[in-house]
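1. here's my sequence, what's the structure:
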Amino acid sequence: MKEKNRKARDIPSRHILYAVVLLCAALIASTWLLGNTNPVTDRIADAIIPMQTGLNSLGGTIAAKLENLRTLWDAQEENQLLKEELAVLRSENSRLQEDHYELERLRTLLNLKDEYSQYTMTAARIIHKDSGNWYHSFLIDKGSADGIQVGCNVLAGGAEGGLVGIVTSVGENYARVRAIIDDTSNVGGTLLIDETGASCVISGDLKLMTEEEMLHLGYIDKEAVVEDGTKVLTSNLSSEYLPNILIGYATGVAVDSDNMQQSGYLIPAVKFDNLREVMVILDLKVTEKEE
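-> Numbers count the residues shown, from 1 in each chain. This next block holds a predicted model:
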């Protein structure tokens, strides 16, 4: 049995072609014969017509499936082209959005330049930050070649913009900035509660920033009335920071347990989780000792 199947599979394809040609010739002849009706042709017609009808139907079905297949191939090719175009458009849209956000950030920096027009400033990009979620210590892409020195105050934009930190080391084309949220940072401030204000100290605390997005605010006079939302600026008495730069807003100020002073918290004016560009004040704080 297996030998017979093998022999059947070994039939040359040209023999199959010959058989198909003969069948087609027979169908053509039958069509011609059907034009003359007689008992012989009638019998041939009875045998051939159903076969011809079936082959016609089969041919139509095959043609329809081939057309559907061609349409499917065309649709797949078009779909691939559309996917590629969509990827290009998404990339372009992403780039345009980033350009838009960068433009907005640069506008806020220009607003800072206008607000603190008494100082000479230069804009810089952040090129590296230390580990962690917060920009507590980072590098900028400008240095001594651009007039930056150790002690330069650094600002950033935002709703109102404000103090970021201070330059702690400088290279020719880069500088390191320590932010006010760093654990080692302490900034002398002034609470705007009356004409003279009240002094305070803002202490960096990364743990508190992570948990509450706030900093410690302390050493406030016991008699000072500090409401939530009171602005806190850099103090004239600070040895490192230029005066009257917005730091943030006081909240939760209350008398300490020793009943000697008040303390509370400060909400920074700058968002320290998403800094991209900063403005560096090239003027340094001049103290009486230096003078």
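
2. who's in contact with residue 129?
-> Contact partners of residue 129, counting by Cβ atoms under 8 Å, 6 or more residues apart in numbering, are 135, 137-139, 275. To be clear about C-beta, it is placed using only N, CA and C from the backbone, and glycine gets the same treatment.

3. between those, identify the one with the most neighbours.
-> Within those, residue 135 tops the neighbour count with 24 neighbours, counted by other Cβ atoms under 10 Å.

4. who touches it in this structure?
-> 126, 129, 164, 179, 272-273, 275.

5. from residue 269, how far out is it?
-> Between residue 135 and residue 269 the distance is 14 Å, computed by Cβ to Cβ, to the nearest Å.

6. which ChimeraX command selects the buried ones in the contacts of residue 135?
-> Of the contacts of residue 135, the buried ones go into a single ChimeraX selection, burial set by 16 or more other Cβ atoms under 10 Å:
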select :126,129,164,179,272,275
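
7. could you dump the contacts of residue 135 into a markdown table with distance to residue 77 added?
-> Listed next are the contacts of residue 135 as a markdown table, based on distance: Cβ to Cβ, whole Å:
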| residue | distance to residue 77 |
| --- | --- |
| 126 | 45 |
| 129 | 46 |
| 164 | 53 |
| 179 | 54 |
| 272 | 50 |
| 273 | 46 |
| 275 | 46 |
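
8. which of the contacts of residue 135 fall within strands?
-> 126, 129, 164, 179 (DSSP state E).

9. any idea which of the residues you listed is closest to residue 117?
-> Residue 117 lies nearest to residue 164 out of the ones in strands among the contacts of residue 135, by Cβ to Cβ, at 18.6 Å.

10. which non-adjacent residue is nearest residue 225?
-> residue 193 (6.2 Å; Cβ to Cβ, 6 or more residues apart in numbering).

11. repeat for residue 237
-> Residue 237 sits nearest to residue 188 (Cβ to Cβ, 6+ apart), 5.5 Å away.
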